[in-house]
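# A structural model of the following input is requested.
(2 chains)
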Number of protein chains: 2
Amino acid sequence: MGIVVPLEGERGKQNAVATLQALVAEDMENVNDFIRARMASDVPMIPELASHLINSGGKRLRPMLTLASAQLCAYQGADHIKLAATVEFMHTATLLHDDVVDESDLRRGRKTARLLWGNQASVLVGDFLLGRAFKLMVETGSLRALDILSNAAAVIAEGEVMQLAAAKNTATTEDAYLKVIAAKTAALFAAAAEIGAVISGKDGAEAAALESYGRNLGIAFQLIDDALDYSGEKDKLGKNVGDDFREGKITLPIVLAYRRGDEEERAFWQRCLQEGDQREEDLPHALHLLAKHRAIEDTVKRARHYGEMAQDALGIFPDGNIKQALSDLIDFCIERAH
Amino acid sequence: MGIVVPLEGERGKQNAVATLQALVAEDMENVNDFIRARMASDVPMIPELASHLINSGGKRLRPMLTLASAQLCAYQGADHIKLAATVEFMHTATLLHDDVVDESDLRRGRKTARLLWGNQASVLVGDFLLGRAFKLMVETGSLRALDILSNAAAVIAEGEVMQLAAAKNTATTEDAYLKVIAAKTAALFAAAAEIGAVISGKDGAEAAALESYGRNLGIAFQLIDDALDYSGEKDKLGKNVGDDFREGKITLPIVLAYRRGDEEERAFWQRCLQEGDQREEDLPHALHLLAKHRAIEDTVKRARHYGEMAQDALGIFPDGNIKQALSDLIDFCIERAH
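Next up is the predicted model:
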C-alpha cells in the first residue's frame, strides 16, 4: 500500500545516528543517569508512567543535538549533560500531552501512556516532567540557555494550539502549515542545538549557525514524518499507516494534494478530514490521490530543501568527526523515507 | 442545606484582602499589565482562552503574596512584578489542567475553559502559560527565585498525581491527605511568599519565615476550601455544593467522618466515593454524617491550627501596615467558612 519514494540513497549515511551516538556515547550515559535520577518520585505512578515513554527506545535525537553541539564547540564543562536531560524531559512532556490531545493509542509501537494510565495521569505527569526540566536547567545557572529553553517551551505549546485551531481545515496554506511545524517541532531542535554553543561561550556566529541547523533539521524531520505517515511500514513507524488521515490531521501531503486536485477531489478531502466522515475505501483512495499529485515525493523534496539549509548552516565549523556526523544526520533523517 | 460553622468573627478582618489589595494596588496594576502583555499571541485562541480564566475575578491571592512579601522586605527593584505575574501564570496553568483532570464544568461561577474551548485547548494553553511563566521568571535573572519557582512547579504536579493516585480511596489517612495539599496547593503559596524576600536579598530568616507563612496559609486555605465544598453557598462558591462528593474526592471532612463512623457508615462512603455509586438522597445523608461527626467544624479547627503557625511565622518582622494585612489575611482565609 506504501508509495515508493525515489531517494538517492548514499552509503554510510544509513548509520549516521549510530555514528553520532558513538561520538557522544559517554555523555549520553551520563544524560541517561540524570534522566533516571530526576524522574524519581515518592509517587510510584510518576516514574512508572514516565519511564514507559522515556525507555521506549526513542533515539534521543534532541539531547544528542545538545551533546554534539557542545562537543563541536569544544565545551569543557558538565552543564551540557543537565541541559540535554532537560531537552529530553521537555520532549517527553510534549509527547505525553500530544497523545492526550490526539487521542493516540500507539507510540513507538507500544500502547500510549494515556491508554495504560489514563489521560489524567498523562497530563499531570507531563506537567511534572516540565517542572523537573525547568529545575534541571536552573541548576546550570546559564541564563542564556534558560532564556532559549523557556522560550522554546512557550513556542512549542503555541505551535500545538495553532495546529489545533487549524485542525481539519483542508484550506490550510503551506505557509501556515510551516509555521505550525516550525513552532511545534523545529523550535526544540533549534534550542537543543543552540544551547550547546551558548554554554560553550560561543554565543555569536556558532550559536546562530547551530540554531539554524537545528531549526531546518527539525522542519525536514517533521516533513518526513508527515510523508512516512502515508508511505511507511507499520513496524518501522511504530504506529499505523494513515493515522494522520484517520485523525483528520492536515499535513503537507494533504495541503499539496488538496491544492493540486479538482473540485471533486477537494470535496473528498473535505468530507474525510473536515467533516470526519470516513469509509473503509477512503484511505486507499487518499493514497491514490496523493500518488497522482506526487504529494509524498514533493513533501520529501521540500524536506530536502530544508535539509540543504541545515547543511549550509554547518559550513562555518572546521571539518571533523562531529561536524561530519551532524551533516550525515540530515541525510539520515530524510532517508528514513525509504 | 449548609452546616453552620461556629467561628468567632473579628471585625475589620473581613476586608483583609481589600486592605492588602490597597497596599499593593500600584504594583498589582503593573502585574496586570504584564499578564495582559505576556498572554498575547498570534494564535487568537490563546489570549481568548487564557483571559477567560485570568480575568474571571479571581482575587490574585498568590501574586499578592509576592508583592506584599517584597514590600515587607523593603524591596527596591522591579522584578517582583515579573515574578508575581509568573506566579499567576503558573496558577492559571494549574487550574486549566485541573479542570480537565476533574472534568469540572464550573469555576468561579462561570463555565470552565474546557467546556467552552475543549479539553485539548485547555491542556495546550496551560502548557503555553507554563512556558511563558518560565520565560518571565528567567527575565529577572534571579537564580534563587528561579530555583524556588521551578521546584514548586514540579512539586505541584507531583501533588496532583498523588491526589489522582489516592483518589476515591476512603481509607486515605489525614497525614497522606496533608501531604497532597502541601504539594498541590501550599507549595505555590510558599514559593510566592518566599521569592519576595529572596529578591530583596533577605535570603535567610526572612525568606524562611515567609516560606513558612505561605505554606501554612496555603494549607489552611485548602482545608477551608474543602470545608466550604460541603457548607458554602453556591453563589459564593462559584460552584455547586457537594461537587467534591460527586467527583468522589477524598478531602479532610471525608477522612474524618470515615474514621469516626461505624461499619455501616464506612460502607456508605465506600459505595458513594470509591465505587461511585450515588443516588439522589446520598448527598443529604453525607451532610448528615459530616454534621454528626463534626467533620466540617474540625476541618476548620485544623485550618486554624495552620493559620496560627502562619501567624507566628510573621513574628520576626517589625510591626507595620503590610505585616498587619498579611496577618489579617490568615483570619480572612479561615473566616471565608462563614
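
# ignoring the adjacent residues along the chain, who's closest to the closest residue to chain B within the stretch 151-300 of chain A?
Residue of the stretch 151-300 of chain A nearest chain B, by C-beta to the nearest C-beta: A:A154 (3.1 Å). Heads up, the C-betas are built off the backbone N, CA and C, glycines and all. Closest residue to A:A154 apart from its sequence neighbours, by C-beta to C-beta, 6 or more residues apart in numbering or on different chains: B:G131 at 3.1 Å.

# in the stretch 101-250 of chain A, which ranges drop under the pLDDT threshold?
For the stretch 101-250 of chain A, applying pLDDT under 70 flags the ranges A:234-238.

# who in it is up against chain B?
Within the stretch 101-250 of chain A, the positions near chain B by C-beta under 8 Å from any C-beta of the partner chain are A:101, A:119-121, A:123-128, A:130-132, A:134-135, A:137-139, A:141, A:143, A:146-147, A:150-158, A:160-162, A:164-165.

# among these, name the ones in helices.
The helices, defined by DSSP state H, take in A:101, A:119-121, A:123-128, A:130-132, A:134-135, A:137-139, A:143, A:146-147, A:150-158, A:160-162, A:164-165 from those.

# distance between the strand or helix carrying A:L116 and the chain's centre?
Element membership of A:L116, judged by DSSP states H and E, is helix A:113-117. With C-alpha atoms, centre = their mean, to the nearest Å as the basis, helix A:113-117 stands 21 Å off its chain's centre.

# repeat for stretch A:140-147
23 Å.

# can you list the buried residues in that stretch?
For stretch A:140-147, the buried set under the neighbour-count rule, 16 or more other C-beta atoms under 10 Å in any protein chain shown, comprises A:140, A:142-147.

# circling back to that earlier point, check contacts around the residue nearest to A:A154.
A:150-158 (C-beta atoms under 8 Å, 6 or more residues apart in numbering or on different chains).

# by neighbours, which of those wins?
A:A157 (30 neighbours; other C-beta atoms under 10 Å in any protein chain shown).

# give me the helices and strands touching the helix holding A:L116, please.
Helix A:113-117 sits against helix A:45-54, helix A:79-102, helix A:119-140, with contacts defined as 3 or more C-beta pairs under 8 Å, 6 or more residues apart in numbering or on different chains; DSSP states H and E.

# contact partners of that helix?
For helix A:113-117, using C-beta under 8 Å, 6+ apart, the contacting residues are A:45, A:48-49, A:52-53, A:96, A:99-100, A:103-105, A:121-122, A:125.

# go with 6 Å
A:49, A:52-53, A:96, A:99-100, A:105, A:122 (C-beta atoms under 6 Å, 6 or more residues apart in numbering or on different chains).

# same deal with stretch A:291-311?
A:3, A:5, A:213, A:216-217, A:219-220, A:223-224, A:227, A:230-231, A:252-253, A:256-257, A:260, A:290, A:330, A:334, A:337.

# select only the buried ones of the residues you listed in ChimeraX?
Typed into ChimeraX, the line below selects the buried ones among these, using 16+ other C-beta under 10 Å:
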select /A:3,5,213,216,217,219,220,223,224,227,230,231,252,253,256,257,290,330,334,337
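
# take the contacts of stretch A:291-311 and keep only those in helices.
Short answer: those in helices (DSSP H) are A:213, A:216-217, A:219-220, A:223-224, A:227, A:230-231, A:252-253, A:256-257, A:260, A:290, A:330, A:334.

# what residues are up against the residue of the stretch 151-300 of chain A closest to chain B?
Taking C-beta under 6 Å, 6+ apart as the criterion, A:A154 is in contact with B:128, B:131-132, B:135.

# got a winner among the residues you listed for most neighbours?
B:F128 (30 neighbours).

# how about the nearest residue to it, chain neighbours excluded?
Spatially, and ignoring its direct neighbours in sequence, B:F128 is nearest to A:A157 (3.7 Å; C-beta to C-beta, 6+ apart).

# these two touch, right, the one you found and B:L129?
No. Using C-beta atoms under 6 Å, A:A157 is not in contact with B:L129; the gap is 8.2 Å.

# next, count neighbours for A:Q76.
For A:Q76, using other C-beta under 10 Å, the count is 10.

# need the residue closest to the centroid of chain A.
By C-alpha atoms, centre = their mean, the mean C-alpha position of chain A lies nearest to A:T185, the distance being 4.9 Å.

# skipping its backbone neighbours, what lies nearest it in space?
In this structure, A:T185 finds its nearest non-sequential neighbour in A:Q222, 4.2 Å apart by C-beta to C-beta, 6+ apart.

# so what's the residue count around that neighbour?
24.

# please tell me how far it sits from A:G242.
18 Å (C-beta to C-beta, to the nearest Å).

# try A:R266
Applying C-beta to C-beta to A:R266 and A:G242 gives a distance of 19 Å.

# of the two, who's got more company?
A:G242 (18 against 15).

# which residues touch that one?
So A:G242 contacts A:L283 (C-beta under 6 Å, 6+ apart).

# pretty sure A:R132 is touching A:A40, no?
No. Counting by C-beta under 6 Å, A:R132 sits too far from A:A40 to count as a contact (9.6 Å).

# so A:N240 sits in a strand?
No. If the criterion is DSSP: H, G, I helix; E, B strand; the rest coil, then A:N240 is coil and not within a strand.

# what about it, how many neighbours?
15.

# how close does it sit to A:S104?
10 Å.

# just A:N151 next, same as before
Distance from A:N151 to A:S104, by C-beta to C-beta: 27 Å.

# likewise for A:M39?
For A:M39, the distance to A:S104 - C-beta to C-beta - is 21 Å.
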